[in-house]
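K.L.:
Build the 3D model from these lines:
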Amino acid sequence: MRIISGKARSIRLQAPPGSALRPTEDRVKEALFASLGDLSAKTVLDLFAGSGALGLEALSRGAGTVLMLEKNPAHMRCIEQNLAVVRKAVGLACGQVHLVTADAQHTSRVLADWSGKCAVILADPPYNPPPGAFGGAALLQQPEFAAWAGPDCLLVLEHQFGEDLPLFPRSAWHLLRQKRFGIRALSYLRQEDRPS
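P.N.:
Got it, this is the predicted structure:
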């Protein structure tokens with residue numbers, strides 16, 4: 001697992017020991033960040049952050065502010081270690097980073113001050129969560145999250161290809177486009193119809 005581009009390119013990232021994380025593959029990250037374009041001065045949220053790989057990739061590519069939300073304290077310690085290495089590589093040009101240990105279902109509450117300020121949300125929830133667990137489908141159906149994100153925010157959801165996502169009118173989110181990578185897919189979502 002590594003940073004694939006930007007000022008911290010080729011920096012190796014650590015995964016939490018004994019972790020069952022499912023890191024985003026390099027080819028998926030490359031396609032994702034190529035599609036996002038210039039992140040300069042933008043605020044990016046890495047939701048279900050895991051090792052922090054997506055948020056740190058955004059930081060390497062010049063994002064002005066990166067928020068990382070992860071509920072597992074052991075994973076958060078790993079993110080802190082990875083962040084230190086990336087900050088050293090990026091140097092003075094490094095954007096601001098805010099780490100928050102919390103469950104993604106509480107995003108609108110724990111990040112209340114950031115309401116409407118994220119240009120991009122990168123969400124990589126667990127695939128096939130057990131009944132009652134908070135995953136991608138629950139995120140899309142949460143009205144307080146949609147209100148917090150705001151209409152100008154682009155949500156990129158990584159999920160298992162073929163998963164039935166609760167899109168508009170079952171939620172506030174419209175699908176702009178979807179890219180498949182084997183069993184994975186990236187769905188690009190907004191809260192109103194816009195050209196992709």
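
K.L.:
Could you tell me which residues within stretch 110-126 count as buried?
P.N.:
Applying a neighbour-count criterion of 16 or more other CB atoms under 10 Å, one finds Leu111, Trp114, Lys117, Cys118, Ala119, Val120, Ile121, Leu122, Ala123, Asp124, Pro125, Pro126 buried in stretch 110-126. Where you see a C-beta, it was placed from the backbone N, CA and C, and this is true even at glycine.

K.L.:
Enumerate residues external to stretch 158-166 that contact any of its residues.
P.N.:
Applying CB atoms under 8 Å, 6 or more residues apart in numbering, the contact partners of stretch 158-166 are 24, 28, 122-125, 127-128, 136-137, 140-141, 157, 173, 175, 180-187.

K.L.:
now the strands for the chain?
P.N.:
For the chain, the strands defined by DSSP state E occupy 43-47, 65-70, 96-101, 120-123, 154-160, 174-181, 184-190.

K.L.:
Quick one, which of the ones you listed gets closest to Cys78.
P.N.:
For the strands of the chain, the distance to Cys78 is smallest for strand 65-70, at 9.0 Å, taking CB to CB.

K.L.:
Run through who's touching the closest one.
P.N.:
Identification of contacts with strand 65-70 by CB under 8 Å, 6+ apart yields 42-50, 52, 55-56, 58-59, 76, 79, 95-102, 104, 107, 110-111, 114, 118.

K.L.:
the longest helix in the protein is where?
P.N.:
Counting by DSSP state H, the longest helix found in the chain is helix 73-90.

K.L.:
could I have that one exported to PDB, CA atoms only?
P.N.:
Extracted as PDB, the C-alpha positions of helix 73-90 are listed here (Å, rounded to 0.1, in the frame of the first residue of the first chain):
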ATOM      1  CA  PRO A  73      -8.800   3.800  17.700                       C
ATOM      2  CA  ALA A  74      -6.200   1.300  16.500                       C
ATOM      3  CA  HIS A  75      -6.800   2.300  12.900                       C
ATOM      4  CA  MET A  76      -6.500   6.000  13.900                       C
ATOM      5  CA  ARG A  77      -3.100   5.400  15.400                       C
ATOM      6  CA  CYS A  78      -2.000   3.900  12.100                       C
ATOM      7  CA  ILE A  79      -3.400   6.900  10.300                       C
ATOM      8  CA  GLU A  80      -1.400   9.200  12.600                       C
ATOM      9  CA  GLN A  81       1.800   7.200  11.700                       C
ATOM     10  CA  ASN A  82       1.100   7.400   8.000                       C
ATOM     11  CA  LEU A  83       0.300  11.100   8.200                       C
ATOM     12  CA  ALA A  84       3.600  11.800   9.800                       C
ATOM     13  CA  VAL A  85       5.500  10.200   6.900                       C
ATOM     14  CA  VAL A  86       3.400  11.900   4.300                       C
ATOM     15  CA  ARG A  87       3.700  15.300   6.000                       C
ATOM     16  CA  LYS A  88       7.500  14.900   6.000                       C
ATOM     17  CA  ALA A  89       7.500  14.100   2.300                       C
ATOM     18  CA  VAL A  90       5.100  17.000   1.300                       C
END
